[in-house]
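Student: task: produce atomic coordinates for the following.
(4 chains)
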Protein chains: 2
Amino acid sequence: MAKKQIPKPTDSELEILQILWRNGPSTVKVVNEILNEKKDVGYTTTLKFMQIMNEKGLVQRNEDERSHIYSASINQNDTQKVLLDKLLETAFSGSAANLVMQALGNSNTSKDDLKKIRDYLNKIERGE
Amino acid sequence: MAKKQIPKPTDSELEILQILWRNGPSTVKVVNEILNEKKDVGYTTTLKFMQIMNEKGLVQRNEDERSHIYSASINQNDTQKVLLDKLLETAFSGSAANLVMQALGNSNTSKDDLKKIRDYLNKIERGE
DNA sequence: AGCACTATACGAAAAGTTTCGTAGTTAATA
DNA sequence: TATTAACTACGAAACTTTTCGTATAGTGCT
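Tutor: Numbering: from 1, shown residues only, chains lettered A, B, ... in the order given. Purely as a prediction, here's the structure:
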């Protein structure tokens, strides 16, 4: 079955998707407010981004109300997969093991997370 | 000691860096030939990229010979770190565990690699 | 010296991303 | 019913990235 072609979002687009994934369907106003917690960005800038993302099919919007409500139309997992695969290819020469070890080394992962990963490894080795 | 500021290379730049990391110092000709194994790209396009990368400080070149010899001036590990951290933030909300599990799930990692990862986990849990 | 070959330098077009200003529309309200 | 406030639409500037064409210059032959 042909998997829908997921376009690679730009960094700015990803910031917005991130918010939509976390918050669920949101207005431009809300998204812009959240963005502004981290950096200065004008309302119309955010609006424009979201309009473009709509054209690209990255988000959908409900226009019933005067304030349109936007929601992500690609899911977080699929997007993560696309970006991860890309990074794996372009920066890690396809070696997932290297990538994983870098990721673990760079971040201080909690004991709990380490256990989760270990369990996951077990599951894989038992053949899912 | 102040860590040198590593700029985030573009996708195309990364492809070239990749080649330089693998092959060591190389001429534009060689890099272009390798690129062309995967996709069509003109010689002067590759040349231009490498000239720009030189200006940006991503590569260095030795001009002693008529064919300049380029080498990566940022190392693979540092670059991987920068890109991975970025991805972790923008797509995985900072959760390394999620990233790792996605990476393991998506790629078919070899038994050998899985063992390497497991050993690495052990090392971390024992406190490096 | 003249020619063909191989390289680099430079400029610029084309496309994509980011950022806003301005204009116009709808809804509430004084 | 004017005014004001909250939104959307649109266009365009400023940058960055990607892609080449053309001009130039050094090398080695004939």
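Student: in chain A, where is pLDDT below threshold?
Tutor: Within chain A, the ranges that satisfy pLDDT under 70 run A:1-5, A:128.
Student: and the helices in it, which stretches?
Tutor: In chain A, the segments counted as helices under DSSP state H are A:11-23, A:28-38, A:43-56, A:76-92, A:96-106, A:111-125.
Student: buried set for stretch A:28-42?
Tutor: Going by neighbour count (16 or more other C-beta atoms under 10 Å in any protein chain shown), the buried part of stretch A:28-42 is A:28, A:30, A:31, A:32, A:34, A:35. All C-beta spots, glycine's among them, are computed from the backbone N, C-alpha and C.
Student: among the helices of chain A, which is the most enclosed?
Tutor: Among those, judged by mean count of other C-beta atoms under 10 Å in any protein chain shown, the one packed with the most neighbours on average is helix A:96-106 (a mean of 21).
Student: could you see whether chain B lies near it?
Tutor: Yes. Helix A:96-106 reaches chain B (C-beta under 8 Å from any C-beta of the partner chain) through A:96, A:97, A:98, A:99, A:100, A:101, A:102, A:103, A:104, A:105, A:106.
Student: check contacts around the last one.
Tutor: Listed by C-beta atoms under 8 Å, 6 or more residues apart in numbering or on different chains, the contact set of residue A:106 reads B:81, B:84, B:85, B:96.
Student: just those residues that are near chain A?
Tutor: Among the contacts of residue A:106, the residues within reach of chain A (C-beta under 8 Å from any C-beta) are B:81, B:84, B:85, B:96.
Student: distance of residue A:52 from residue B:28?
Tutor: 36 Å (C-beta to C-beta, to the nearest Å).
Student: so what's the nearest residue to residue A:13 once chain neighbours are set aside up against?
Tutor: Take residue A:13 and drop its neighbours on the chain: the residue closest to it by C-beta to C-beta, 6 or more residues apart in numbering or on different chains is residue A:53, 5.7 Å away. Contacts for residue A:53 (C-beta under 8 Å, 6+ apart) come out as A:9, A:13, A:16, A:17, A:59.
Student: go on, residue A:101?
Tutor: So, once contact is read as C-beta under 8 Å, 6+ apart, residue A:101 ends up touching B:116, B:117, B:120.
Student: can you check residue A:87 too?
Tutor: Taking C-beta under 8 Å, 6+ apart, we find residue A:87 in contact with A:99, B:83, B:84, B:87.
Student: so the first one touches residue B:103, yeah?
Tutor: Yes. Residue A:99 is in contact with residue B:103 according to C-beta atoms under 8 Å; the separation is 5.5 Å.
Student: buried residues in stretch A:55-73?
Tutor: For stretch A:55-73, a neighbour-count test (16+ other C-beta under 10 Å) marks A:58, A:59, A:61, A:68, A:69, A:70, A:72, A:73 as buried.
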